[in-house]
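> pasting the sequence and the predicted model now:
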Amino acid sequence: MKKILIIRFSSIGDIVLTTPVMRCLKQQLGAEIHFLTKKRFKQVVEPNPYIDCVHAIDKKVSEVMPQLQSIGFDHILDLHRNLRSLQVKLALRVPSHSFNKLNWEKWLMVRFKINRLPQEHIVDRYLATAVPLGITNDGQGLDYFIPESDEVDIATLLSGKNIPFVAFVIGAAHATKRLPAEKIIKTCQGIKEAVILLGGPGEKEVGQSIADASGAHVINTCGSLRLHQSASVVRQAWKVISHDTGLMHVAAAFHKEIISVWGNTIPEFGMYPYYGDQPDRNTTKQLKDLDCRPCSKIGFQKCPKGHFKCMMEQEEEVLKIE
C-alpha cells in the first residue's frame, strides 16, 4: 500500500475542491492517504473516510515535520504550492507532483484583462496533478462528510415555517464578494419559501438586520452554527443562493441547485460549482460587461474603484427563486 501525502493548507472551499483526489486515490489505488492542512481547517477533512490521517499546523511545518519524516511516504501531491509546501518536499525528499496555480495567467487577467486561463475547472487541474500516479477522474464530483452529531433538525430550526426552504449564504471572506445587505433583503422579500441565512460570526449582526427587514419567513443563523451544522442546512435545502465562498462548494458536493452570485471574482478562474459528470445545477449571476472585473483573484474589503458596480447593479429579480 502506497503512502501518499496531500498538501492543502487552506481554505474551506479549496480543501473541499481537493476531495475527488483523495477519493480516487483511495478507491482506485488503495493508497494510504495523509492530508496536511492548517489546524483551523482540520475539521473540514477529519470526517472524510478516504483520508487515513490528518496532520495540522498552526503556522510552521516544523510543528509536524518529525512525525511526517517517521511515516515513510512514497509520494507527495502538493495541491497548495507555496513556501510551506516546498519546505515539506525538501525535508521529506520523496517523489512529488505539484499543482499549477496559474499565477501568471491570473495576473494577466486581473491586471490587463488578457484571458490566458484554460477552460478547465480547478478540480480537473488538481486531479491532473495525481494522474501520474495512475488515477482517472471518476466523475462523481465533490465530497463533504457531516458527523452525525452536527446534523441539524430543520423542523425545529424553522419552527413550523414553510418547507422546502432556501439556504442563503450571505458570508464571504472579502467584502467585494458579498452582496450589499439591501440587495439581500430585496432578494429575500421576493422568495415565498422560508429562507435560512448562513454565515460566520462576522455576519451575525448584519444577518439579523437582514432577517428583521425581510419578513418572518427569514431566519438568521449566522454565527450560531458550526461549519458542519451549516453544511447540514445546505444539504437539506431545496435551493441554495451563495456568493463565491466555501459553502458554495459544499452545496455542489451535495449536488444542490445553486444560484451563485459573483462580484469582483470571476468563474473563469476555475472555481465555480463543480458537479463532475453529474448534471450541472448551477446558475451563475454576474455582470459580465464591467471592464473592471476581475479586480482581484481573491477580493478586497472595499471596491478599489469606489462604485462597487459588480454587486450594486445586480438585479434582485434576476436572483429570484423559481
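Structure received.
> ok, the nearest residue to C292 once chain neighbours are set aside - how many residues close by?
With C-beta to C-beta, 6 or more residues apart in numbering as the criterion, C292 has its nearest non-adjacent residue at 5.5 Å, and that residue is K305. Yep, even glycine has a C-beta here, placed from its N, CA and C like the rest. Applying other C-beta atoms under 10 Å, we find 12 other residues in the vicinity of K305.
> check V206 too.
If you count neighbours by other C-beta under 10 Å, V206 ends up with 19.
> quickly find the element holding it.
When elements are assigned from DSSP states H and E, V206 belongs to helix 204-214.
> before we move on, the earlier item: Three-state assignment for the residue nearest to C292, please.
Here K305 is coil, with the state taken from DSSP: H, G, I helix; E, B strand; the rest coil.
> do H255 as well
Of the three states, H255 takes coil according to three-state DSSP.
> tally of neighbours for it?
Number of residues near H255 (other C-beta under 10 Å) recorded here: 18.
> you'd agree it is up against R281?
Yes - contact criterion C-beta atoms under 8 Å: H255 and R281 qualify, at 6.4 Å.
> mind listing the shared neighbours of these two?
Jointly contacting H255 and R281 under the rule C-beta atoms under 8 Å, 6 or more residues apart in numbering are Y275.
> sheet-wise, list the partners of the strand or helix carrying I258 with their directions.
Using DSSP H and E, I258 sits in strand 257-261. Within its sheet, strand 257-261 is paired with strand 239-243 (parallel), strand 282-285 (parallel), according to DSSP bridges.
> tell me what the helix holding V206 is packed against?
Judged by 3 or more C-beta pairs under 8 Å, 6 or more residues apart in numbering; DSSP states H and E, helix 204-214 is in contact with helix 181-189, strand 194-198, strand 218-220.
> which of the ones you listed sits closest to S62?
The minimum distance between S62 and the helices and strands packed on helix 204-214 falls on strand 194-198, with 36.1 Å, by C-beta to C-beta.
> mean neighbour count, mean pLDDT and distance to R93 for the strands paired with strand 257-261 - can I get that in CSV?
Converted to CSV, the strands paired with strand 257-261 look like this (neighbours: other C-beta atoms under 10 Å; pLDDT from 0 to 100; distance: least, C-beta to C-beta, whole Å):
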stretch, mean neighbour count, mean pLDDT, distance to R93
strand 239-243, 26, 97, 41
strand 282-285, 16, 96, 42
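> dump those strands into CSV; add distance to V54 as well.
Listed next are the strands paired with strand 257-261 as CSV, based on distance: least, C-beta to C-beta, whole Å:
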stretch, distance to V54
strand 239-243, 26
strand 282-285, 29
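> and the angle from the helix holding V206 to helix 181-189?
Orientation note: helix 204-214 sits at an angle of 50 degrees relative to helix 181-189 (axes from the mean of the first three to the mean of the last three C-alpha atoms, to 10 degrees).
> and helix 204-214 with strand 194-198, angle?
Angle of helix 204-214 versus strand 194-198, following the same axes, to 10 degrees, is 160 degrees.
> next one: helix 204-214 to chain centre, how far?
The chain centroid and the centroid of helix 204-214 are separated by 24 Å under C-alpha atoms, centre = their mean, to the nearest Å.
> quick one: buried residues of it?
Residues K204, V206, G207, I210, A211, S214 are the ones in helix 204-214 that count as buried (16 or more other C-beta atoms under 10 Å).
> what sits up against that helix?
170, 181, 184-185, 188-189, 195, 197, 199, 218-224.
> what's the burial count for E203?
22.
> how far away is the nearest residue to it once chain neighbours are set aside from I114?
Distances taken as C-beta to C-beta, 6+ apart place C222 nearest to E203, at 4.1 Å, with adjacent residues excluded. C222 sits 38 Å away from I114, going by C-beta to C-beta, to the nearest Å.
> these two: which is more packed in?
Neighbours were counted for C222 and for I114 using other C-beta under 10 Å; C222 has more, 24 against 11.
> my read: that one touches I196, true?
No - using C-beta under 8 Å, C222 is not in contact with I196, being 9.8 Å away.
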